[in-house]
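> Take this sequence and fold it.
(chains A, B, C and D)
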Number of protein chains: 2
Amino acid sequence: MAERDKRGTAERLGPDDWARAALAALAEGGLGAVAVEPVAVRLGVSKGSFYWHFANRRALVEAALAQWEAGTERVIARLESLDEPVTRMRTLLDLAFGDAENAAISFRLISEVDDPLVGEVVRRVSRRRLDFMQEVLRELGQPEGEARRRVLAAYGGYLGLAALVRIGAADEVPGSLVDLAMAELGLPPAAPS
Amino acid sequence: MAERDKRGTAERLGPDDWARAALAALAEGGLGAVAVEPVAVRLGVSKGSFYWHFANRRALVEAALAQWEAGTERVIARLESLDEPVTRMRTLLDLAFGDAENAAISFRLISEVDDPLVGEVVRRVSRRRLDFMQEVLRELGQPEGEARRRVLAAYGGYLGLAALVRIGAADEVPGSLVDLAMAELGLPPAAPS
DNA sequence: CGGCCTCCATACGGTTGCGTATGGAGGCGA
DNA sequence: TCGCCTCCATACGCAACCGTATGGAGGCCG
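Next up is the predicted model:
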C-alpha cells in the first residue's frame, strides 16, 4: 500500500489523491469540510500544492463527486457480469448494506442537494441506481409500476436504515434486513449460491 | 434609521424567534448556515440583538434543537389522546409523511450527528419516536423483537423516502406509501374512519 | 553542467463569521 | 422630568478560509 505518512519520503501527489482526501473530509464533516486548507493539512502539504493541481475549490468538489460517481459505475459494472437477476440483486443489497462509509457519503450529499454541483450528481447517481434495480425486477417479469414502487421503497429503506445505523438507533444492520429488502422487492429471501 | 418597519408587526424579538429562524436556516443550508450574522439578517436585525438574547452561537443551536425536540413531544402528546392504537399509528404516519419540512430537518440533523450537540438530541428524539411506535405495536399484541424490527424498517423507510422526495427521485410521496408502511408494520392498510 | 519544468512552500490581501465593547432610542416608574 | 432598564446598532479585534504571487528544491534533458 502507498505509504500515506507525513511528507517524509516526498511522495508526489496527483488530483486523485486530493479527490480521495476530499471524499474522506466530506464523509467526516460534510461539504463544508471540503475546504482547501484543511484538506491540504490532511495530506500533509500546503495550499501551494493544491492550486497547482486545481483551479479552485469548486474543481476539487467536482473531482470528489466524479470519483464518488465512478464508484457507483464500478459496482454496477461488476454486477452486470452476473447472469442470474436474483443473484445480481442480492449481491447489490449485500454490497449496499455492507458499505457503511459509502452510505454515509450518500447521506451527506443528499442532505446537501441544494448545492447545484452536488444536486446534479446526486440526482444522476440516484437515478442510475434506481433504474438499475428496476431493470432487474423487470427482467424478473414484474410490471413497471409495481417494480418502481418496490424499488423506491427498497432504496429509501436502504438510505433510512443507513441513517439509523449512523445515529446508533439500529446497531449493526443484521443480515435479516437484506432478506427483508428482498421480500419487499418480491424476491426469494434465500441466496441460491 | 428612518426605516424600522422592515420587521412588520413584531417589533421586539425573543429567543423563540431566533430559534425559529435558526431552524429555518438549518433546513435550508444545514448546520453551517446556523450562523449569527446571516440569521440576524434573516430577522432584519443586527448581531447586537443576538448577543443580548444569547451568550454565543452554541446557545442558538441548542435553542433550535430544543424547539425541534419540543415539536416531536407535541406531536406525541397529541397522538396519545387517541384511544385506538391503529388510528394512532395511522395518524402518526399521516403527520410524518405529510410534513416534508420536518423530514428535511431530521435529515440534516442526522447527517450532522457527529456534532456532539446535535448527536445527543438526534439520538434522544429518534429513540423517543421509535419507542413510541414500538409501544403501539406492543399494545396490538406484537412480540417485542418483531415489533422492533418492523419499527426500524418503517422509520428507516420514512427517512429514506423523505430523502428520495428531497432529491426529486420520488415525486410527492403518494398516499399509498402510508398503506405500504402500515402493511410493513403488520397493520390493516385502510383507515376505519 | 546548465537550463527548464514540475511540484510545492511562503507570504499577502480580501471576505466572512465569532465575540466584545460601547452607546443610543424608547418605555416606564418615581 | 429624571433616571433606569430593555432591546438593538455600530465598531472593533480575531480567526478561518479563498485565491494570487512569487520563489525554491529536485528531477530531466540538452
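> how about the residue lying closest to A:S111 once chain neighbours are set aside, what does it touch?
Leaving aside its sequence neighbours, A:S111 sits nearest to B:S111 (CB to CB, 6 or more residues apart in numbering or on different chains; 4.2 Å). In this view, the C-beta of every residue, glycine as well, is placed from N, C-alpha and C. For B:S111, the residues meeting the contact criterion (CB atoms under 8 Å, 6 or more residues apart in numbering or on different chains) are A:G30, A:F107, A:R108, A:I110, A:S111, A:A163, B:G30.
> most neighbours, which of those?
Of all those, A:A163 has the most neighbours under the rule other CB atoms under 10 Å in any protein chain shown, reaching 30 neighbours.
> Check the spacing between that residue and chain B real quick.
Applying CB to the nearest CB, to the nearest Å, the value for A:A163 to chain B is 5 Å.
> contacting residues for that residue?
A:F107, B:F107, B:I110, B:S111, B:G156, B:L159, B:G160.
> can you pull out the helices in chain A?
A:15-29, A:36-43, A:47-53, A:57-80, A:85-98, A:100-111, A:116-139, A:144-167, A:176-184 (DSSP state H).
> Can you list the neighbours in contact with the third one?
It refers to helix A:47-53. A:L13, A:G14, A:P15, A:W18, A:V36, A:E37, A:V39, A:A40, A:L43, A:L60.
> Could you report the neighbour count for the closest residue to DNA strand C within chain A?
Minimum separation of chain A from DNA strand C (CB to the nearest atom of the strand) falls at A:G48, amounting to 1.9 Å. Using other CB under 10 Å, A:G48 has 8 neighbouring residues.
> quick one: pLDDT of the residue lying closest to A:L23 once chain neighbours are set aside?
Of all residues not flanking A:L23 in the chain, A:A64 sits nearest, at 5.0 Å (CB to CB, 6+ apart). You'll see A:A64 listed with a pLDDT of 96.
> Which secondary structure elements does the helix or strand of chain A with the lowest mean pLDDT sit against?
Every helix and strand of chain A was ranked by mean pLDDT, DSSP states H and E. The lowest is helix A:176-184, at a mean of 76. The contact analysis (3 or more CB pairs under 8 Å, 6 or more residues apart in numbering or on different chains; DSSP states H and E) places helix A:176-184 against helix A:85-98, helix A:144-167, helix B:144-167.
> Could you pull out the buried residues of the shortest one?
Taking 16 or more other CB atoms under 10 Å in any protein chain shown as the neighbour-count basis, helix A:85-98 is seen to contain the buried residues A:P85, A:V86, A:R88, A:M89, A:R90, A:T91, A:L92, A:L93, A:A96, A:F97.
> filter those by proximity to DNA strand C?
Applying CB under 7 Å from any atom of the strand, the subset of the buried residues of helix A:85-98 adjacent to DNA strand C is empty.
> would you list those residues in CSV and tack on pLDDT and distance to DNA strand D?
Converted to CSV, those look like this (pLDDT from 0 to 100; distance: CB to the nearest atom of the strand, whole Å):
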residue, pLDDT, distance to DNA strand D
A:P85, 94, 44
A:V86, 92, 46
A:R88, 94, 40
A:M89, 92, 40
A:R90, 89, 41
A:T91, 90, 38
A:L92, 88, 35
A:L93, 84, 37
A:A96, 80, 31
A:F97, 74, 33
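> related to what we said a few turns ago, can you sort out which of the contacts of helix A:47-53 also neighbour DNA strand D?
Answer for the contacts of helix A:47-53 near DNA strand D (CB under 7 Å from any atom of the strand): A:V36, A:E37.
> Mind checking which of the contacts of helix A:47-53 are buried?
Buried, going by 16+ other CB under 10 Å: A:L13, A:P15, A:W18, A:V36, A:V39, A:A40, A:L43, A:L60, out of the contacts of helix A:47-53.
> Is there a neighbour count for A:L82? I'd like the number.
Count around A:L82 with other CB under 10 Å applied: 15.
> same question but for A:H53, I mixed them up
When neighbours are counted by other CB under 10 Å, A:H53 registers 16.
> before we move on, the earlier item: then the least confident helix or strand of chain A to CSV, C-alphas only?
What follows is helix A:176-184, C-alpha atoms only, in CSV (Å, rounded to 0.1, in the frame of the first residue of the first chain):
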residue,chain,number,x,y,z
SER,A,176,-32.1,-10.4,8.0
LEU,A,177,-32.6,-6.8,6.7
VAL,A,178,-31.3,-7.9,3.4
ASP,A,179,-33.9,-10.6,3.4
LEU,A,180,-36.5,-8.1,4.4
ALA,A,181,-35.5,-5.9,1.5
MET,A,182,-35.6,-8.9,-0.9
ALA,A,183,-39.1,-9.6,0.4
GLU,A,184,-40.1,-6.0,-0.2
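> now the angle from that helix to helix B:144-167?
Calculated by axes from the mean of the first three to the mean of the last three CA atoms, to 10 degrees, helix A:176-184 forms an angle of 70 degrees with helix B:144-167.
> ok, residues contacting helix A:176-184?
Contacts of helix A:176-184 (CB under 8 Å, 6+ apart): A:89-90, A:93-94, A:97, A:150, A:153-154, A:157-158, A:161, A:188-190, B:149, B:153, B:184.
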